[in-house]
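Student: Output the structure for:
(2 chains)
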Amino acid sequence: MILKTMDGAQALVRCLESEGVEYIFGLSGGAAIPIFDALVTTKTKIKLVLVRHEQGAAHMADGYARATGKPGVVLVTSGPGATNTLTGIMTAHMDSVPMIVLTGQTITSMLGKDAFQEADVFGISMPIVKHSYLVKDANDVPRIVREAFHITNTGRPGPVLIDLPKDITQGPFSGELHAEMDLPGYKIDSSFDQDKVLAIAEALSKSRRPVLLAGHGAIIADASGVVRNLAEKLNAPVTTTLLGKGAFPETHRLSLGMLGMHGTAYANKAMIECDLVMSIGSRFDDRIVGQQSRFCKDAVRIHLDVDNAEIHKMIRVHHWCVGDARLILEELVKHVAKLDTADWIKHLDGYKKKYPLKYKKQGGLKMQHILDELNTMTESRAVVATDVGQHQMWAAQFCKTLKPNDWLTSGGAGTMGFGFPAAIGAQFGRPKETVVAVVGDGGFQMTMSELATACVHKLPIKVIVLNNHYLGMVRQWQELFYEDRKSGVDLEGNPDFAKLADCYPGAKGFTLKRPADVRKILTRAMEYNDGPCVINAECEKTDNVYPMIPAGKALEDMLTEAPKYKMEKPTGST
Amino acid sequence: MTRLKKTLARTLSSLPRLEQAFAGLTGERVILAAAAAETERSRMEHLLLNREDTHTLSVYVANKPGVLARIAQVFARRGYNIDSLVVSSSMDGKFSRMTVTAIGNPEGLDQIIAQVNKLVDVIHCMDHTGENAVVRELALIKIAATTEERTGVLQIAEHFKCKTVDLTENSIILMATGDTEKVDALIKMMGRYKIIELVRTGKVVMARGNEET
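Tutor: Numbers count the residues shown, from 1 in each chain, chains lettered A, B, ... in the order given. Prediction:
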């Protein structure tokens, strides 16, 4: 259908509609005005969520995408509007999250001439996007949008940026709204090497101490069901990465919980003692591998990944198969039988008894206590978004995840300020479910301006600020490795977060100070559904997260409690 | 001291030939020996990790703005220097052919090739190093040559099958084609004269016979 009166921006909105977009998270500005105008003139059903800072928009789109599996859409203006989204784009890129970022741009004839609010966003964003476009002709819009949505959520997902000069969005559109894709270099096929699957089945059949390691890829590929079938058929334990939480129910008898730097002691001990490890959609990140040369060095190592560039990148493996995790596992499960793992499971159960995740309910208010209670009250069924730091690791340990897309956290990027806006995005995507943002006092202050956004839309998000008046994870490192010299970690000047919430129309603040009140306050927060609520939980200031594997050390060097000797400075990346 | 002894033990197990040399050492000498062994170990590790070869890659890409930047970024991010680069449109104008020469260790380059192949605009990227392929480059060399010197220059030029593409009273421009070694040898021979300017195209490569480039 050709509408003679249509402009580039209106065509763009029509294309977004046909891709099934429900929400756009954005903030306007000069170069984006035609697009915002088209949201009105087209009478589209797409709902605009006006944010207070563009970083918030990107994290909301990210949270929406992680919670629903559908791409999140960001719309911002040129220059500072676009550069403010970069942290959010990088966060999505590191964690393979589908996202479309639409940025306004100066008019084509002014490109490269330092026009007002001009930034070379196409260039700046290049290393942190899966792909990007600079639109030069309004009639290319339908093809580009179609390609962008195809690229962002197929294969290994990632953000795609479309830079839209104002003369393009404002100029006439005379093309067809339906366009064919032209991507000769981007082929998604569902095939995989059958022989490799048989070789993996053969290797599995010889194993007596196997561990399945499920990562984010297992969730993205919708493979959690077949991961469970495989684990149960083999009778093999499953551990997950931080982003893999939800790929396998953490309450299952075969679950070892999360592994890695702050993973469970039994998951890490299983990695040390296993004779076979099979990664399903994890990239052997440095947080789980520790010292590369010693990681599972005597075990048979197997890697399933949709991204060929991940094979042998961190860890050299004996067997691998590139392709869709669900399709590969559905084939693999046909070729395996129950393994003789009774002793191995029993042995690991012993570790579960010996090294449980624990904390003291007496004394000061513990973050773990609040998270444990939250987990019990919600029966592990809430959507939990976190920020980054100590509270994130405790949430990963104590908030059990039962199914995919219920656990939203910035893993690869470790972006503070992610949790709250991601929870907003998730609540838009899943309006009927309980969404909890577990944040620290440091990270929350980076994006808490989005309280206004949550209030406008009356989103009943429960924000739990685990407040220790410190940048706690850095303080922990300074205590352990830098002779407790505190440098730049004391967050004096924090506001009263409960009072702050009360300032926003429709939001409610709660204060939690005593361990005895945890259940009472959480219950009241759960019952408040007229808008967001913020629990300011004044927690013990100097608690540390254990288990811990110092960065760059091997899994064998795991600390399960505070060390009694002086620690060397870690040699690993961070 | 315990830590150093541990270091020594680790080093000794990885370098059996040093074992004898350090047998029976005690006290301060252990420290010295451990330090020496550690230095040797890290030197060998360094050599192994930094083994560098020249690789010739052929990249077939969509002819679109930004493609070159995306590819160059993959190299730059890992600290690889692109030694030579030739880009031109292919038979089908929708695509371009790039020939990239880079120096680096093979493992790192395997990663780079995998990551270049992952780019949406890249049709394929292949390493032709050590393969049965024709590799050529072209060089233009401007040499200061008086009438007396000219005969000498032309003699060498003839030996290397160069063409004279410009000739003036005081200068001569030669065009040479061949593999890199041949061009290098020519330039070395011309070193006795004054080379005013030198332009090399960089390598282009094509697989022989039925193989795809």
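
Student: what about A:Met367, distance to A:Leu451?
Tutor: Applying Cβ to Cβ, to the nearest Å, the value for A:Met367 to A:Leu451 is 22 Å. Where you see a C-beta, it was placed from the backbone N, CA and C, and this is true even at glycine.

Student: Let me see the contact set for the closest residue to chain B within chain A.
Tutor: With Cβ to the nearest Cβ as the measure, A:Ala309 is the residue of chain A nearest to chain B, at 3.7 Å. Applying Cβ atoms under 8 Å, 6 or more residues apart in numbering or on different chains, we find A:Ala309 in contact with B:Gln111, B:Ala114, B:Gln115, B:Asn117, B:Lys118.

Student: switch to 10 Å and redo it
Tutor: By Cβ atoms under 10 Å, 6 or more residues apart in numbering or on different chains, the contact set of A:Ala309 is A:156, A:283, A:322, B:74, B:110-118.

Student: Skip the chain neighbours and tell me the closest residue to it.
Tutor: Nearest non-adjacent residue to A:Ala309, counting by Cβ to Cβ, 6 or more residues apart in numbering or on different chains: B:Ala114, 3.7 Å away.

Student: surely that neighbour meets A:His312?
Tutor: Yes - using Cβ atoms under 10 Å, B:Ala114 is in contact with A:His312, at 8.9 Å.

Student: For A:Tyr504, see how far away the residue in chain B positioned nearest to chain A is.
Tutor: In chain B, the residue found nearest to chain A is B:Ala114; the distance is 3.7 Å by Cβ to the nearest Cβ. Separation of B:Ala114 from A:Tyr504 (Cβ to Cβ): 48 Å.

Student: same question, A:His391
Tutor: 22 Å.

Student: neighbour-wise, which of these two wins?
Tutor: A:His391 (32 against 18; other Cβ atoms under 10 Å in any protein chain shown).

Student: Chain neighbours aside, what residue packs nearest to the more buried one?
Tutor: Leaving out its chain neighbours, the residue that sits closest to A:His391 by Cβ to Cβ, 6+ apart is A:Leu466, at 4.2 Å.

Student: do the same with A:Leu329
Tutor: Using Cβ to Cβ, 6+ apart, the nearest residue to A:Leu329 is A:Val226, at 4.2 Å.

Student: check which helix or strand covers residue 55.
Tutor: Unless you meant another one, I'm taking chain A. Per DSSP states H and E, A:Gln55 falls inside helix A:54-68.

Student: that's the wrong chain, I wanted chain B
Tutor: strand B:53-62.

Student: Now find how far off-centre that strand is within its chain.
Tutor: Centroid displacement of strand B:53-62 relative to its chain, using Cα atoms, centre = their mean, to the nearest Å, is 11 Å.

Student: Please see if it touches chain A.
Tutor: Yes - Strand B:53-62 lies within reach of chain A by Cβ under 10 Å from any Cβ of the partner chain, at B:Tyr60, B:Val61, B:Ala62.

Student: Would you mark the buried spots in that strand?
Tutor: Neighbour-count burial for strand B:53-62 flags B:His55, B:Thr56, B:Leu57, B:Ser58, B:Val59, B:Tyr60, B:Val61, B:Ala62 (criterion: 16 or more other Cβ atoms under 10 Å in any protein chain shown).

Student: One more: stretch A:333-348?
Tutor: A:Val333, A:Val336, A:Leu339, A:Thr341, A:Trp344, A:Leu348.

Student: Close to chain A: what parts of chain B are there?
Tutor: Close to chain A, as judged by Cβ under 10 Å from any Cβ, chain B has residues B:3, B:60-62, B:64-67, B:69-70, B:73-74, B:76-77, B:92, B:94-95, B:107, B:110-124.

Student: switch to 6 Å and redo it
Tutor: Neighbours of chain A within chain B, by Cβ under 6 Å from any Cβ of the partner chain: B:Ala62, B:Gln73, B:Ala114, B:Gln115, B:Lys118, B:Val120, B:Asp121, B:Val122, B:Ile123.

Student: Find the nearest non-adjacent residue to the first one, please.
Tutor: What it means is B:Ala62. Closest residue to B:Ala62 apart from its sequence neighbours, by Cβ to Cβ, 6+ apart: B:Asp121 at 4.3 Å.

Student: which stretches of chain A have low pLDDT?
Tutor: The model of chain A has pLDDT under 70 over residues A:1-4.

Student: pLDDT score assigned to B:Ile31?
Tutor: Each residue has a pLDDT score; the one for B:Ile31 is 68.

Student: What of B:Ala207?
Tutor: In this model, B:Ala207 is scored at 91, pLDDT.

Student: so it bridges to which residues?
Tutor: B:Ala133 (DSSP bridges).

Student: Just give the number of residues close to it.
Tutor: Residues near B:Ala207, counting by other Cβ under 10 Å: 15.

Student: what residues does the stretch 151-300 of chain A put near chain B?
Tutor: So the stretch 151-300 of chain A meets chain B at A:Pro184, A:Gly185, A:Tyr186 (Cβ under 6 Å from any Cβ).

Student: again, 8 Å this time
Tutor: Residues of the stretch 151-300 of chain A found near chain B (Cβ under 8 Å from any Cβ of the partner chain) are A:Ile151, A:Leu183, A:Pro184, A:Gly185, A:Tyr186.

Student: and what of chain A?
Tutor: A:122-123, A:126-127, A:130-132, A:134, A:151, A:183-186, A:307-309, A:311-313.

Student: what's the spacing between stretch A:561-574 and its chain's center?
Tutor: 27 Å.

Student: ok, residues contacting that stretch?
Tutor: A:286, A:290-291, A:477, A:480-483, A:544, A:546, A:550-553.
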